[in-house]
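# just need the structure, nothing else, for what follows:
(2 chains)
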Amino acid sequence: MALITGKKCGDEEMGALGLESEVAEARTAFDSGKTKGFEWRKSQLKALLRLLQEKEDDMLKVLKEDLGKHRVEAFRDEVGAVAKSVDNALLNLKKWMAPEKLSLPLAAIPTVAEIVPEPLGVVLVISSWNFPIGLSLEPLIGAIAAGNAAVLKPSELAPATSEFLADAVPKYLDCEAIKVIQGGPQVAEQLLELKWDKIFFTGSARVGRIVMTAAAKHLTPVTLELGGKCPAIFDSLKSSRDKKVAVGRVAGAKWGSCLGQACIGVDYLLVNDEYAPTLIELLKGVIKEFFSNSEHLARIVNKHHFQRLCNILQDELVAASVVHGGSVNAEELFIEPTILLNPPLDKEIMTEEIFGPLLPIITLKKIEDSIEFIRARPKPLVIYAFTHDEKFKRRIVEDTSSGCVIFNDTLIQYVCDTIPFGGVGQSGFGQYHGKFSFDNFSNRKPVGRRSFLIEFSFRYPPWNEKKLQLLRHIYRFDYIGFVLCFLGLKRYSYRS
Amino acid sequence: MGVLGLESVVAEARTVFESGKTRSFEWRKSQLEALLRLLQEKEDEMCKVLKQDLGKHRVEAYRDEVGALKKTLDNALLNLKKWMSPEPVSLPLIAFPTVAEIVSEPLGVVLVFSSWNFPLGIALEPLIGAIASGNAAVLKPSELAPATSALLASEVPKYLDFEAIKVIQGGPQVAEQLLELKWDKIFFTGSARVGRIVMTAAAKHLTPVTLELGGKCPAIFDSLKSARDKKVAVERLAGGKWGSCLGQACIGIDYLLVEEKYAATLVELLKGVIKKFFSNSEHLARIVNKQHFQRLCDLLQDRSVAASIVHGGSVNPEKLFIEPTILLDPPLDAEIMTEEIFGPLLPIITLKKIEDSVEFIRARPKPLVIYGFTNDEKLRKRIVEETSSGCILFNDALIQYVCDTIPFGGVGQSGFGQYHGKFSFDNFSNRKPVARRSFILELSFRYPPWNAKKFQLIRHICRFDYFSFVLCLLGLKRHNYRSSVEVW
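Presented below is the predicted three-dimensional model:
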């Protein structure tokens, strides 16, 4: 049963009507124009920063509670990363808000044109449970920086975090313009019935379809940040140091971030037949080095997902392919880092996004076959490739499609504000982070200022051959021909 | 074509795309050049079908469609290499020595639906973008411009790579069948009603869409001092209302807003320009079909609407022609003021003061463009800051359509997504960041096992506090414990 609660600046429980009036209040706040000013946006971002600083302990605590994240992981992936984004937004806000000049062809002289970014209005942000703070606040930063009012619906599957956001955000931010509405699918459905100027969704493809279908009724633009099976191609690396660093990066991306429950985490590995045993030994070593203490690893979010992952391992053939780990702890919702060697490709572990600490290693005759392997599958959010082979790198970039390609590392694209973050195909559409967040929630409106000084009367009827000819010259940017024709010094070239 | 035939046509486009052929610079260039040749060699036929479908004079057809397309193609060919090349991305110091760039790649097989009012232009402009960005494409032209649709279906396969670029003719049924299939992008120009259907269908496959819709595009007419300015402005107004497809244009002027005291002058000036430009009705287009003709006639049937006519109003059902018509303050709740007119009826709404136009516009759905004829900088500022639209143009109309550097698209009810010029290229691209990291520098504090020092290093990095970071790394900075209890 979905729990519908919410906190206004006061403290009220909400039904469908309460929900509508909350959103209506945000609409009123937006229409008043207050969210458009630089001062307001700056003040909100600063307030967010204060929230992140003053409530850091609380945040780390709820992330521990909801997902078992160690405080350092929680800081690295969520609290610290979001603070970094807010800093970046504050630093660049004025620049982002400034109009961008447009160059125009000579024929348009003396026109001046620029792109003026403006907010879309009232936006809806629906976040997922695996990075419940990060995936709620990153989009919110963009929405605020772009001058919108916003309603955030955090995931109910991370209830402590959802509760925290619903409580803290109204205390720090402008509670008339920025709302947090708690609840499950029912509340989400009710919200989706309403009219939004933009919907930003992070989650599964299944729900993404529901969101986009609902948005279509109001012609609301959407961004869908979905998932997918993100592969890591592991080529042979000569230097043992390179190998060590590479394996560390793979391990970090598989288990070190929310125990594999990350949309940009490494889902599975592709490696050469002969290289697989080495890789497995290296991975085992790194697992020992990094993750001996399970307190430094996150937990599976809930029983449902825990069971899902256990079921994946139940399959006989899959279980037979386990070469490391495999033990589960139902009470703690913990599954240890597990490596599987060539589980069957038609099993769920290789047909669905794993979203857990199970790492299939698929071996290939030659590493170049990884390209075909990836192409045969839905486009992922990111492709990781550990290789020094420039030719191979080129093939990966040119012959595969994904939201991103990272060579020789993992996950770092998430924290780089200048790298657009988003999917393609089944992994979604729309990008954000940094200025891309700002643009995502903006209407980039061209403004052209024409003069009455120069008028091209050949634009208008009554029509004649000369006007046609002048138009011809203008369209070919044939200014000389145009002037000659204009002055009557050029014969019309009759085309028929 | 039956459903199966349709599916196999699209499957062929998919196979061709998968082969990689459409990705090369050579292929894209050859296709754009072929399209240019088509426009050059078949110019007469094109002007003919535009005359047949919409009664466009050949010069209007050239100005708005054939010539504009050639201009776009020239621009695409000139810039293709540049558009295709990766864009470097700057990274923070901490990422050193990473190199990153954005690589544009095609989305795959894209579907383009075009509307009937600029059946060539609105079919081929998006196609140019799709081709330039390396996609295979299926174009479904509007069946309401049948002669143009037939011409496209006949000629495009002759000039272009017909395995990769398909034209499929048909009406709503064919459109529905196409929408059932999986596309990598759908580009739709048309009405909001059908836009919803397109987006709903796209949602099943998580297909990104661009919707170029319509709306009531207002023109604000402020008092202009100089007589010449007035003259040029009114001519631009008239051109922006009747000169392009007889008002059946998404960026055409739908209605005017003017101060009460200037209304009479404006009406007189407009009458003069109508006479000057449009005396010969052969130089005006026609209403596309009986249904739309009837729709427009019905708008005028309303008694209080009819009573507000101050010029024109006569209709010719045989020719599907309605003369340039001006109405003064028709009722705001009549359909002529609640729905997009898409015809040669120009309501002039008078206001006490011209600044009220901002409120008037804000109370209505966001249009594709707002035209403001004013030299008042304060009013201009208010228009830009207090209204929202796909575009704002001061002191002219329609020209944004032919400027390749001006992004073209709507907001709110007028749609989303932009195109023209490089925006077309980007519209059909996946802008994929590619980052190349090194193994030389490894920040081991990224990984567990966790301790207070690692925490501190991460803290410093997140604030880009490189100085403290280095000090901390070297053990020269004390850990700032943020709380009294730190449990490791």
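
# what residue ranges in chain B score low on pLDDT?
B:1, B:478-488 (pLDDT under 70).

# name all residues that make contact with the residue nearest in space to the middle of it.
Nearest to the mean C-alpha position of chain B, counting by C-alpha atoms, centre = their mean, stands residue B:409 at 3.2 Å. When contacts are counted by C-beta atoms under 8 Å, 6 or more residues apart in numbering or on different chains, residue B:409 is found next to B:210, B:212, B:368, B:390, B:415-419, B:423. (Glycine included, C-beta is placed from N, CA and C.)

# list the contacts for the closest residue to chain B within the stretch 251-400 of chain A?
For the stretch 251-400 of chain A, the residue closest to chain B is residue A:296, as judged by C-beta to the nearest C-beta, at 3.8 Å. Applying C-beta under 8 Å, 6+ apart, we find residue A:296 in contact with A:70, A:72-73, A:290, B:448-450.

# and if you look at residue B:436?
Contacts of residue B:436 (C-beta under 8 Å, 6+ apart): A:393, A:407-408, B:98-100.

# which residue ranges of the stretch 51-200 of chain A form helices?
A:56-67, A:71-74, A:80-97, A:134-145, A:159-172, A:185-193 (DSSP state H, counting those that start in this stretch).

# wait, what's in contact with residue B:348?
B:255-258, B:263, B:266-267, B:326-329.

# now, which of the residues you listed lie within strands?
Residues of the contacts of residue B:348 located in strands (DSSP state E): B:255-258, B:326-328.

# so who does residue 198 touch?
Going with chain A. Per C-beta under 8 Å, 6+ apart, neighbours of residue A:198: A:120-121, A:123-124, A:143, A:148, A:220-223, A:440-441.

# right idea, wrong chain: chain B
Residue B:198 neighbours (C-beta under 8 Å, 6+ apart): B:113, B:179, B:186, B:188, B:209, B:211.

# helix/strand/coil for it?
Here residue B:198 is helix, with the state taken from DSSP: H, G, I helix; E, B strand; the rest coil.

# all strands in the stretch 201-350 of chain B, in order from the N-terminus.
Using DSSP state E, counting those that start in this stretch, the strands assigned to the stretch 201-350 of chain B run over residues B:209-212, B:218-221, B:255-259, B:309-311, B:315-316, B:321-322, B:325-328, B:345-351.

# now tabulate those strands in TSV and tack on distance to residue A:489.
Below are those laid out as TSV (distance: least, C-beta to C-beta, whole Å):
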stretch	distance to residue A:489
strand B:209-212	41
strand B:218-221	37
strand B:255-259	40
strand B:309-311	40
strand B:315-316	42
strand B:321-322	38
strand B:325-328	40
strand B:345-351	39
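
# which stretch among those comes nearest residue B:376?
Taking C-beta to C-beta, strand B:218-221 is the member of the strands of the stretch 201-350 of chain B nearest to residue B:376, at 10.3 Å.

# how about stretch A:461-477, does it reach chain B?
Yes. Where contact is defined by C-beta under 8 Å from any C-beta of the partner chain, part of stretch A:461-477 touches chain B, namely A:461-464, A:467-468, A:471-472, A:475-477.

# could you give me the PyMOL selection string for whichever of the residues you listed are buried?
Of the residues of stretch A:461-477 next to chain B, the buried ones can be selected in PyMOL as follows, counting by 16 or more other C-beta atoms under 10 Å in any protein chain shown:
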select buried, chain A and resi 461+463+467+468+471+472+475
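
# which one among the residues of stretch A:461-477 next to chain B gets closest to residue A:184?
residue A:475 (57.2 Å).

# I'd assumed residue B:72 was in contact with that closest one.
No. Using C-beta atoms under 8 Å, residue A:475 makes no contact with residue B:72, being 9.3 Å away.

# how near is residue A:414 to residue A:191?
Per C-beta to C-beta, to the nearest Å, residue A:414 is found 27 Å from residue A:191.

# typed the wrong thing, it's residue B:42
Residue B:42 is 51 Å from residue A:191, by C-beta to C-beta.

# and if you look at residue B:244?
For residue B:244 relative to residue A:191 (C-beta to C-beta), the value is 41 Å.

# next: residue A:48.
22 Å.

# go on, residue B:180?
29 Å.

# next: residue A:26.
12 Å.

# what does residue A:89 give?
25 Å.

# what does the stretch 201-350 of chain B put close to chain A?
B:202-204, B:206, B:208, B:211, B:213, B:224, B:226, B:228-229, B:232-233, B:235, B:238-239, B:243, B:277-280, B:283-284.

# got a PyMOL select line for the buried ones in these?
Buried residues among these (16+ other C-beta under 10 Å), as a PyMOL selection:
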select buried, chain B and resi 202+203+206+208+211+213+224+229+232+233+235+238+239+243+277+278+283+284
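
# picking up where we left off before, okay, and which of the contacts of residue B:436 map to strands?
A:407, B:99-100.

# so which of these is the most crowded?
Neighbours here mean other C-beta atoms under 10 Å in any protein chain shown. Within these, the largest count is held by residue B:100, at 24 neighbours.

# would you mind giving the residues of stretch A:461-477 next to chain B as CSV with pLDDT added?
Output for these, formatted as CSV (pLDDT from 0 to 100):
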residue, pLDDT
A:461, 96
A:462, 96
A:463, 97
A:464, 96
A:467, 96
A:468, 96
A:471, 94
A:472, 94
A:475, 92
A:476, 88
A:477, 85
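
# so which of the residues of stretch A:461-477 next to chain B belong to helices?
A:467-468, A:471-472, A:475 (DSSP state H).

# neighbours around the nearest residue to residue B:297 once chain neighbours are set aside, how many?
Among residues not flanking residue B:297 along the chain, residue B:315 sits closest, at 5.8 Å (C-beta to C-beta, 6 or more residues apart in numbering or on different chains). By other C-beta under 10 Å, 18 other residues sit near residue B:315.

# any idea how far residue B:315 is from chain A?
Separation of residue B:315 from chain A (C-beta to the nearest C-beta, to the nearest Å): 20 Å.

# name the residues contacting each of residue A:26 and residue A:191.
Common neighbours of residue A:26 and residue A:191 (C-beta under 8 Å, 6+ apart) are residue A:151.

# how distant is stretch B:445-457 from the center of its chain?
50 Å (C-alpha atoms, centre = their mean, to the nearest Å).

# hang on, residue B:68 packs against residue B:399?
No. Checked against C-beta under 8 Å, the pair residue B:68 and residue B:399 is beyond contact range at 10.9 Å.

# count of residues packed around residue B:309?
17.

# grab the nearest non-local neighbour of it.
residue B:327 (5.3 Å).
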